[in-house]
Structures are given as C-alpha cells and as structure tokens.
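J.: Fold the following, please.
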Amino acid sequence: MAILQEKVGLTNEDLRKLRSMRPGRPIDLQLSTTTTTKRVRTEFVGMDGTRCMIFRFPDEGKWGSLGDGIFKDKTMIARYILEDDTGEIIAFKVKVILVTTKPSHLIFTSFPLIIQSHDLRAEPRSKTRIATSMFDAQSDLAICNSMVLDISVNGCRMSIDKGGSNTKPKIKQVVKMYFAGSKDKEIFLIGTIMNSNSDEVSLYYGVKFETPKSEVKQLLQDLMLVTG
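T.: As a prediction, this is how the structure comes out:
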C-alpha cells in the first residue's frame, strides 16, 4: 500500500516520458557535497520497472572525485533530454540505493516520485510520420530516404535507418526534402542540418528550414498538419 501511495505523484504521461528514456543516452546528475554542488554528465543504463533506475558512475578522471556526492541514501537530481520524442528536458529527484564497482561501476537509485518537464523548442511541432526523399541542395544528388517525426514552420526532426543507406546527411549540409503525399510533387523544402544523435537502430537529425515560412505553411496545409 505504501508503494502505491508513493507513486501518486506520477501521471500516466509522466510514466510514458520516463519509459521513453533510451539506454546509452547522456544524462546530467546534480550532486551536493559538504562543500559544493556539482553537475556531471554520465550515461543512462536502464530501469527495472518502477523499482529502480540505473546510471553509469561518472568518469572521475573527467569530473574529479565523486565519492562524497554519490553514496547510499544520498539524493541526486537527474536531467535528461527527450529530444528523440518530444523535444523536452525532464528533471527528477532520486535517492541512491546501491553503488556497484563490479562487473561495472553503476549507480542504482530509487524510481522518481514526481518529474518536472520543460519544452526546449520555441514553437510547438506537429508529430507525424511522413516519408521524405533528401537531396543535396547544391549538387541535387540523392542522399537518402528519411522519416519526418515532427515539424513546424521553422524546422523538423527526422530519422534515418542506420542500415538503410550508405550515404547520410552531414552537419551544416544544406538539403532539399521532398515530401511524400504533397499535392504538388515538385514542392520541396530547403533546410540546414543543425544537429544529430542516434540510438541502436536509427540516426536522428534536426533541420532548420531556409524556405520562407509562408511556403512551409502551405505544404503543411497540403499535408493536413495545420489549418488556416
């Protein structure tokens, strides 16, 4: 009964966000010691249902000695970017349950009782799954096929299957994106690849559109993603 009472602060949406965390992705930990507060970066390893979360112990060669900030019953604040899903940063407080050194240097913590989230994007984006063909804007040579995961008049985020193409876009490369399903098959958007990250199966790219907003909005209307 006590466990159910402790979980009352988490909504179904909170749990969805926590379960969207991907093993291997970076996570920031805020630690307090007797003399200072540190923010260090490490790696999210996984979770065991709602029983515990697991983080890799931060590299002390990079961040200095952390033994006085990470030990049993010590409270930490974790921050994680859900960039692949919602463009949000989530923050939550956990308590250290166990620190292991063998076979790996890991931190086991309590499961969060409540989370806070903040949208990283300046404007809302429509979530979608639209197939696109990507070409280099200067040479017009084909780069690869991709899937747009969310989009606004200012930019989009796309995914590419790691094994689906030998060529991939590069950071700062200007590309043309042809959208499947647009009324005019010649309509395309031009954008600049601004950032990238990946997981086990896909590469993810953030694109900033160079096409005028009025033209982007018209395409989104054609695709029935916006109205008016």
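J.: Give me the pLDDT for Lys168.
T.: Here, the pLDDT recorded for Lys168 equals 91.
J.: so it makes contact with Ser159?
T.: No. Look at Lys168 against Ser159 with Cβ atoms under 8 Å: they stay out of range, at 11.6 Å. The way it works is simple: take the backbone N, C-alpha and C, and place the C-beta from them, glycine included.
J.: what sits in contact with each of the two?
T.: Common neighbours of Lys168 and Ser159, using Cβ atoms under 8 Å, 6 or more residues apart in numbering, are Leu203.
J.: What are the boundaries of the strands in this structure?
T.: In the chain, the strands defined using DSSP state E lie at 26-32, 37-48, 52-56, 75-81, 88-100, 106-109, 115-119, 126-136, 142-151, 155-161, 174-179, 188-198, 202-209.
J.: Mean pLDDT lowest where, among the ones you listed?
T.: strand 115-119 (a mean of 79).
J.: for this protein, what's the longest helix?
T.: helix 213-222 (DSSP state H).
J.: What helices and strands are in contact with that one?
T.: Secondary-structure packing of helix 213-222 (3 or more Cβ pairs under 8 Å, 6 or more residues apart in numbering; DSSP states H and E): strand 188-198.
J.: For the strand it packs on, name the packing helices and strands.
T.: strand 155-161, strand 174-179, strand 202-209, helix 213-222.
J.: So for Ile27, which of those sits nearest?
T.: strand 202-209 (17.1 Å; Cβ to Cβ).
J.: looking at the strands of the chain, which is closest to Trp63?
T.: For Trp63, the closest of the strands of the chain is strand 37-48, at 4.4 Å, according to Cβ to Cβ.
J.: tilt between the closest one and strand 75-81?
T.: Interaxial angle, strand 37-48 versus strand 75-81 (axes from the mean of the first three to the mean of the last three Cα atoms, to 10 degrees): 70 degrees.
J.: can I see the domain layout of the protein?
T.: Domains of the chain are assigned by automatic domain parsing as 2-119, 126-222.
J.: Mean neighbour count added to these, as a markdown table?
T.: As requested, those are exported to a markdown table (neighbours: other Cβ atoms under 10 Å):
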| stretch | mean neighbour count |
| --- | --- |
| domain 2-119 | 15 |
| domain 126-222 | 16 |
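J.: give the contact list for Met47.
T.: Per Cβ under 8 Å, 6+ apart, neighbours of Met47: Leu18, Arg19, Met21, Met53, Ile54, Phe111.
J.: Who are the contact partners of the closest residue to Ile77 other than its chain neighbours?
T.: Among residues not flanking Ile77 along the chain, Gln30 sits closest, at 4.1 Å (Cβ to Cβ, 6 or more residues apart in numbering). Shown in contact with Gln30 (Cβ under 8 Å, 6+ apart): Thr37, Lys38, Arg39, Met76, Ile77, Ala78, Arg79.
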